[in-house]
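>>> Fold the following.
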Amino acid sequence: MNSTTIDDTSLLNYVLTLKNLENAFYAGALNSFTQDDFVNDSLPTWSRARFEQIAEHQQAHVDLLSNAIGSGAAQACNYTFPYTSPSTFAALAEVISGVCVSAFVGAAQYITSSDYLTTAAAVLSTEARHAAWIAGPVNHQNAWSGALDTPLSLDAAYTLASQYISGCPSSNPTLPVTAFSSLTIANASLGQASTVTASNNVTVEGQYVAFLSGVTPTFAQVVGGQVVVPTTIMGTSYAVLTSSNASVDDSTITAGVVVLQFPYNSNGALEIA
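Next up is the predicted model:
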């Protein structure tokens, strides 16, 4: 986290930055792919129309936040999204919507205005419905990953979002966030050792990988450049490299964030691709 003061305005601009990204993401995909494209890619016939509704929601959220902030509202940036088909768009939509849910859960602690908190909760609940619908009916995976959603810190969520941002207007306000060095966990598989690497010469040996699922992280030490992925995480979770095996926050995270997906069926059994 940088030295920019966290107040309601800077926090709303942080949320607006994520919403601008989502707005561009859905609008761009719908402009790129027709109804026939969706059907020919084996997506449900009704899915594109629902995605159109989600796109309308994103624009409504952007308008709401922009009006609340006023003249200092963050403007949309330039984005690059790595989808090439309706199905890869739907897969990425599952990730992005999940990240935004976790981002809003993590940011709620900083909101001081009761009016803003109510608005944020209304946006969050709708976002969670989007995420569940995309994961379940569209992608035929688990619509939730457990009893509790996973909060992400401001820096962690921004790190994930920033990989899609190629540039922003110079007039945009400075956000109270800093992106972490990137983290890679190669071929992550439950109960198996996976190689851990980090950018910017961040040392991984002896540090810990915190696996974030729900509100209680699970820690595993990096030994010999590898970490054993816990067997207790299912669905979508996040992993960060941290200097502590007792707590995880922006002051202890040294690299991240990795999105891990271990889909499970209605009987709770892991689905093997």
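>>> All the strands of the stretch 101-250 of the chain, in order from the start?
Taking DSSP state E, counting those that start in this stretch as the test, the strands found in the stretch 101-250 of the chain are 165-167, 183-185, 193-198, 208-212, 218-221, 226-228, 235-242.
>>> so which of those comes closest to Leu18?
Each of the strands of the stretch 101-250 of the chain has some distance to Leu18 by C-beta to C-beta; the shortest is strand 165-167, at 10.4 Å. Glycine gets a C-beta too; all of them are placed from N, C-alpha and C.
>>> report the longest helix in this structure, please.
Looking only at the chain and at elements set by DSSP state H, the helix with the highest residue count is helix 8-32.
>>> how far out from the middle of the chain is it?
How far helix 8-32 lies from its chain's middle: 12 Å, per C-alpha atoms, centre = their mean, to the nearest Å.
>>> Give the rounded mean pLDDT of that helix.
In this model, helix 8-32 has a mean pLDDT of 97.
>>> mean confidence score for the helix or strand following that helix?
Beyond helix 8-32 on the C-terminal side, the first helix or strand identified by DSSP states H and E is helix 35-40. Averaging the model's pLDDT scores along helix 35-40 yields 99.
>>> Same check on stretch 220-232?
So the average pLDDT for stretch 220-232 ends up being 97.
>>> Next: stretch 207-214.
Averaged across stretch 207-214, the pLDDT comes to 98.
>>> ditto for stretch 266-273
Per-residue scores along stretch 266-273 average to 82.
>>> distance between it and the chain's centre?
The answer for stretch 266-273 is 23 Å, by C-alpha atoms, centre = their mean.
>>> Repeat that for stretch 85-92.
Here the centre of stretch 85-92 is set off from its chain's centre by 16 Å, with C-alpha atoms, centre = their mean.
>>> C-alpha coordinates for that stretch, CSV please?
Taking only C-alpha atoms (Å, rounded to 0.1, in the frame of the first residue of the first chain), the coordinates of stretch 85-92 have been written out as CSV:
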residue,chain,number,x,y,z
SER,A,85,-13.5,-16.9,-27.9
PRO,A,86,-16.8,-16.8,-26.0
SER,A,87,-15.7,-19.7,-23.9
THR,A,88,-12.4,-18.2,-22.9
PHE,A,89,-14.3,-14.9,-22.2
ALA,A,90,-16.6,-16.8,-19.9
ALA,A,91,-13.7,-18.5,-18.1
LEU,A,92,-12.0,-15.1,-17.6
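>>> quick revisit: elements contacting the longest helix of the chain?
Contact partners of helix 8-32 among helices and strands, from 3 or more C-beta pairs under 8 Å, 6 or more residues apart in numbering; DSSP states H and E: helix 47-69, strand 78-79, helix 86-107, helix 114-133, helix 154-162.
>>> What helices and strands are in contact with the last one?
Secondary structure elements in contact with helix 154-162, counted by 3+ C-beta pairs under 8 Å, 6+ apart, are helix 8-32, helix 86-107, strand 253-262.
>>> do you know which of these lies nearest Ile233?
When the helices and strands packed on helix 154-162 are ranked by distance to Ile233, counting by C-beta to C-beta, first place goes to strand 253-262 at 6.6 Å.
>>> For the closest residue to Asn172 other than its chain neighbours, grab phi and psi.
Excluding the flanking residues, the one nearest Asn172 by C-beta to C-beta, 6 or more residues apart in numbering is Ala74, at 4.9 Å. When quoted as degrees, to the nearest 10, the phi and psi of Ala74 stand at phi -60, psi 140.
>>> gap between Ala74 and Thr203?
The gap separating Ala74 from Thr203 is 35 Å, by C-beta to C-beta, to the nearest Å.
>>> okay, the two: which has more neighbours?
When neighbours are counted by other C-beta atoms under 10 Å, Ala74 and Thr203 differ, and Ala74 comes out ahead with 26 against 11.
>>> quick one: the more buried one from Leu160, how far?
Using C-beta to C-beta, we find Ala74 at a distance of 17 Å from Leu160.
>>> what does Val227 give?
With distances defined as C-beta to C-beta, the gap from Val227 to Leu160 amounts to 20 Å.
>>> Mind splitting the protein into its structural domains?
Taking automatic domain parsing as the reference, the chain has its domains at 8-167, 183-262.
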